[in-house]
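Q: here is my input; please provide its structure:
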Amino acid sequence: MDTNTSERVISLASKLVGIATYKFVAQLDEAPHVVNCQTLIAWLYGQCGIMVPDLLSEQLYCGIPVESLHTAQKGDWVFTKGRVYN
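A: Numbers count the residues shown, from 1 in each chain. Got it, this is the predicted structure:
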């Protein structure tokens, strides 16, 4: 992903701080006002013309793994092994 897209995603997300409400089972059509982690990602990237699934189980396989957090860049998603929380 290019730097401009990453910056746009971050800018859009920062504008939702204090406005968006968390809901455990949020639907994509409720975004950006009602979100959970997976619908937030799908909505943000969708606004930038990048279509990603709105299901976490599908989002896990959308990207390219990075070697470590040290190589992660702005706009990268971070998933950890273990119990999944939204």
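Q: residue contacts, the residue nearest the centre of the chain?
A: The chain has Ile41 as the residue nearest its centroid, 2.1 Å off, counting by C-alpha atoms, centre = their mean. Residues in contact with Ile41 (C-beta atoms under 8 Å, 6 or more residues apart in numbering) are 52, 59, 77. The way it works is simple: take the backbone N, C-alpha and C, and place the C-beta from them, glycine included.
Q: quick one: least confident of those residues?
A: On pLDDT alone, Trp77 ranks lowest of those, at 85.
Q: that one reaches Leu56, doesn't it?
A: No - Trp77 sits out of contact with Leu56 when judged by C-beta atoms under 8 Å, with a separation of 10.1 Å.
Q: which one of these two is surrounded by more residues?
A: Higher neighbour count among Trp77 and Leu56: Leu56, with 17 against 14, using other C-beta atoms under 10 Å.
Q: now that one, nearest residue through space, not along the chain?
A: Spatial nearest neighbour of Leu56, excluding adjacent residues (C-beta to C-beta, 6 or more residues apart in numbering): Gln38 at 4.3 Å.
Q: and that neighbour, how far from His70?
A: Here the criterion is C-beta to C-beta, to the nearest Å. By it, Gln38 lies 25 Å from His70.
Q: and those two? Which one has more around it.
A: Gln38 (21 against 6).
Q: so the more buried one sits in a strand?
A: No - counting by DSSP: H, G, I helix; E, B strand; the rest coil, Gln38 falls outside a strand, being helix.
Q: so what's it up against?
A: Contacts of Gln38 (C-beta under 8 Å, 6+ apart): 54-56, 59, 86.
Q: now those as CSV including distance to Ala13 and secondary structure?
A: Output for the contacts of Gln38, formatted as CSV (distance: C-beta to C-beta, whole Å; DSSP: H, G, I helix; E, B strand; the rest coil):
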residue, distance to Ala13, secondary structure
Asp54, 16, coil
Leu55, 20, coil
Leu56, 17, helix
Gln59, 16, helix
Asn86, 16, coil
